[in-house]
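Chemist: Predicted model, plus sequence, below.
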Amino acid sequence: MLKRSNWTDSDIEFLQKNYKKNGTKYCADNLNRTQGSINIKCYELKIPLLKKIRLKKYIKFSNDEIEFLKNNYTDKGVTYCAKILNKPESSIANKCLKLKIYCTLNNSIDLMNLKDKNIIYILGFIWADGSVKGQISTTISEKDSENVCYNFKKTGDWLIEHYDRYDKKYNKIYKKCRIRAKNKINLYFLRELGFYNKSIDSPNKLLSLIPKDLHHHFFRGYFDGDGCFFIKEKMYKFSVASTINQDWSFIIQLFDELKIEKYSISKSDYKSGKSSHVRIVNKWDIIKLGEFVYKDSKDLRLERKFIKYQQIKNSISKKRSPLWLYEDEKFLINNYFLGVKVCSEKLNRSASAIHHKIKILKNKKL
């Protein structure tokens, strides 16, 4: 570990002469200091920091490897070539771009198949946290990459890139993962559905094309991209965020269908940026939403957020009656004529609970 020492006039002079020309690492090695110490001193001296601090690996390709790419990349894709040549997928893709070799395998990604739950989930994720400018892409944190990339790979040969992003404001390096595919047919299809203006528009046009019984896959993908489940002691919260002018009509419609009444929509305008949020703080309403979203979700969800939801669900006291879900109420309304005993067995509730719920529903004139 390097010992701290005061900056001398000669150290400062060396830094001013060499930082811009030779970079952080060169100065750190010669002054026997950490790279973080160099950046902090440059900030104090008002020396403009280098735009990005990134460890770039320039991977060379032999003539035989280039010939292999020419013969295989077009038909077999980036994943196959990366595995055979034992090189990163991003290096393969960038080299082929320079060689003007294009992959046709991305054409196997059919985002127009709106009866496939994997595709529907991906579309929800892209609507929340993706881009359709020039190519279809989304960027996630490295810790979520294995989980999310697995879900994307089910739908075709997406290009996966891992890289470091330097945050100049906080002087930190964040590990990121970019998932992308360039497919003109899919790109035009998504733009027709409003993906280009998704930061302000509602996905009602897309949802109208997806079968109603598969909507929960879209919303799970959307909430995995921009949603958040939170629990701390006896405080529970679900929230989803977007731009300040976001049209939340599709969320309001969903809440109406699930009979979630206790929610708020707010806007914030700070120096760091403008945004709007939808929040639920009633845990029974959070569970209504969670039961809908995580229905039939095995191997098609972000596990980190699912675990948070499970913690909220498991925090309910066993002494309290289980929550009445929308599907339970609908079953009771349609099948009460069969008798209390049948409804009690089907819904796994006591006869008194059935009678009490019927009384409530009658008062609501259902």
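Modeler: Yep, that arrived.

Chemist: how about low-confidence regions in the stretch 1-150 of the chain?
Modeler: 1-4, 51-58, 102-108 (pLDDT under 70).

Chemist: Please, where are all the helices along it?
Modeler: Along the stretch 1-150 of the chain, the stretches classed as helices by DSSP state H, counting those that start in this stretch are 9-31, 35-44, 63-85, 89-99, 117-129, 142-153.

Chemist: tell me which residues of the first one are tucked away?
Modeler: Within helix 9-31, the residues that count as buried by 16 or more other C-beta atoms under 10 Å are D11, L15, Y19, T24, C27, A28, L31. Heads up, the C-betas are built off the backbone N, CA and C, glycines and all.

Chemist: S199 is nearest to which of the helices of the stretch 1-150 of the chain?
Modeler: Closest approach to S199 among the helices of the stretch 1-150 of the chain (C-beta to C-beta): helix 117-129, 9.8 Å.

Chemist: helices or strands up against that closest one?
Modeler: Under the contact definition 3 or more C-beta pairs under 8 Å, 6 or more residues apart in numbering; DSSP states H and E, helix 117-129 sits against strand 136-141, helix 142-153, helix 215-226.

Chemist: Would you mind giving the secondary structure of R279?
Modeler: When classified by DSSP: H, G, I helix; E, B strand; the rest coil, R279 comes out as strand.

Chemist: Can you give me the neighbour number for the nearest residue to it once chain neighbours are set aside?
Modeler: Spatial nearest neighbour of R279, chain neighbours left out: S239 (4.6 Å); criterion: C-beta to C-beta, 6 or more residues apart in numbering. For S239, the count of nearby residues is 18 (other C-beta atoms under 10 Å).

Chemist: residues contacting S239?
Modeler: When contacts are counted by C-beta atoms under 8 Å, 6 or more residues apart in numbering, S239 touches G227, C228, F230, H277, V278, R279, I280.

Chemist: The first one: how many residues sit nearby?
Modeler: This points to G227. 21.

Chemist: which non-adjacent residue is nearest it?
Modeler: For G227, the closest residue by C-beta to C-beta, 6+ apart turns out to be V240, at 4.4 Å.

Chemist: Pretty sure R279 sits against S268.
Modeler: No: using C-beta atoms under 8 Å, R279 makes no contact with S268, being 11.7 Å away.

Chemist: mind checking which of the helices of the stretch 1-150 of the chain is nearest L193?
Modeler: helix 117-129 (8.4 Å).

Chemist: if we look at that closest one, which residues are touching it?
Modeler: If you take C-beta under 8 Å, 6+ apart as the criterion, helix 117-129 is touched by 110-111, 113-114, 132, 136, 138-140, 148, 151-152, 154-155, 190, 195, 198, 203, 206, 210, 214, 217-227, 296, 300.

Chemist: buried subset of these?
Modeler: For the contacts of helix 117-129, buried by 16+ other C-beta under 10 Å: 111, 114, 132, 136, 138, 140, 148, 151-152, 155, 190, 195, 198, 203, 206, 210, 214, 217-227, 300.

Chemist: if we can go back for a sec, please dump the helices and strands packed on helix 117-129 into TSV; it should also carry distance to L338 for every row.
Modeler: Converted to TSV, the helices and strands packed on helix 117-129 look like this (distance: least, C-beta to C-beta, whole Å):
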stretch	distance to L338
strand 136-141	48
helix 142-153	41
helix 215-226	28
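
Chemist: Just want the most central residue of this protein.
Modeler: Closest residue to the average C-alpha location of the chain: G225 at 2.7 Å, with C-alpha atoms, centre = their mean.

Chemist: pLDDT wise, what is it at?
Modeler: For G225, the model assigns a pLDDT of 93.

Chemist: Would you mind measuring from the residue lying closest to it once chain neighbours are set aside to I140?
Modeler: Distance criterion C-beta to C-beta, 6+ apart; nearest residue to G225, sequence neighbours excluded, is A128 at 2.7 Å. A128 is 11 Å from I140, where distance means C-beta to C-beta, to the nearest Å.

Chemist: mind giving me the domain ranges of the chain?
Modeler: 9-44, 63-103, 117-136+185-320, 326-363 (automatic domain parsing).

Chemist: how much distance is there from the third one to the middle of the chain?
Modeler: To tie it back to what came earlier, the one meant is domain 117-136+185-320. 10 Å (C-alpha atoms, centre = their mean, to the nearest Å).

Chemist: Ok, the last one next?
Modeler: Using C-alpha atoms, centre = their mean, the distance from the centre of domain 326-363 to the centre of the chain it belongs to is 38 Å.

Chemist: Now do that domain: distance from first to last residue.
Modeler: With C-alpha to C-alpha, to the nearest Å as the measure, domain 326-363 spans 17 Å from end to end.

Chemist: That concludes my questions; thank you for your assistance.
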